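1. Here is the input, now give the coordinates:
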Amino acid sequence: QVHVVESGGGLVQAGGSLRLSCTASGRAFSSSSVGWFRQAPGKQREFVAAITAIKKNTFYSDSMRDRCTISRDNDQNTIDLQLHHLKPEDTAVYYCNKMRSIYVSDSYLDEWGQGTQVTVSS
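-> Okay, the predicted model is just below:
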């Protein structure tokens, strides 16, 4: 079991930016594909973006493709999600998780962490 900690969330005005970080323990994390997901109040958790371990190939949801960038530092065991041009509908708790395939949005592998809250005001 890999323990992950998400951070970097906060309150931001519409149009603003945030950089979220996912830090994990365990060697298996640095050799795994990892994705970011989010869950808005009253809605199901949804896929946002993912990145493979070695080649760092990326894949994004249609809704966030032009407004976020995922990156990783395997030496530091961190996966970052830079959010741009935020909208009120981006308000959600954001989570990271290992994934079997970055192209299969529900292929997460571990239990969810605490997540980090992103709130976008209009």
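2. Next, the contact list for the spatially most central residue of the chain, please.
-> Centroid-nearest residue in the chain, with CA atoms, centre = their mean: W36, separated by 2.2 Å. Contacts for W36 (CB atoms under 8 Å, 6 or more residues apart in numbering) come out as L20, C22, V48, A49, A50, C68, I70, I79, L81, Y94, Y95, C96. Placement of C-beta: from N, CA and C, glycine included.
3. How about the contacts made by T78?
-> S21, C22, T23, A24, R72.
4. Thought L86 was touching A14, still the case?
-> Yes: at 6.3 Å, A14 and L86 qualify as touching, with contact defined as CB atoms under 8 Å.
5. So which of the two has more stuff around it?
-> Each of A14 and L86 has its neighbours counted (other CB atoms under 10 Å); L86 has more, 21 against 13.
6. Which strand residues bridge the residue nearest to the centre of the chain?
-> A49, C96 (DSSP bridges).
7. By pLDDT, give me the weakest of the contacts of T78.
-> Among these, A24 has the lowest pLDDT, at 85.
8. which residues sit in contact with it?
-> By CB under 8 Å, 6+ apart, the contact set of A24 is V2, H3, V4, V5, V34, N77, T78, I79, C96.
9. Please convert the residues you listed to TSV, extending it with distance to V104.
-> Shown next, in TSV, are the contacts of A24 (distance: CB to CB, whole Å):
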residue	distance to V104
V2	19
H3	23
V4	19
V5	25
V34	14
N77	23
T78	23
I79	18
C96	16
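10. Quick check: of the residues you listed, which lies closest to A40?
-> C96 (16.6 Å; CB to CB).
11. pretty sure the closest one is touching V34, no?
-> Yes: look at C96 against V34 with CB under 8 Å: they come within range, at 5.9 Å.
12. Flag whichever of the contacts of A24 scores worst on pLDDT.
-> V2 (64).
13. rewinding a little: could you name every residue contacting both of C96 and V34?
-> Residues touching both C96 and V34 (CB under 8 Å, 6+ apart) are C22, A24, I79.
14. And the helices in this structure, which stretches?
-> 27-30 (DSSP state H).
15. where does it have low pLDDT?
-> For the chain, the stretches with pLDDT under 70 are 1-2, 26-28.
16. Right, I'll leave it there.
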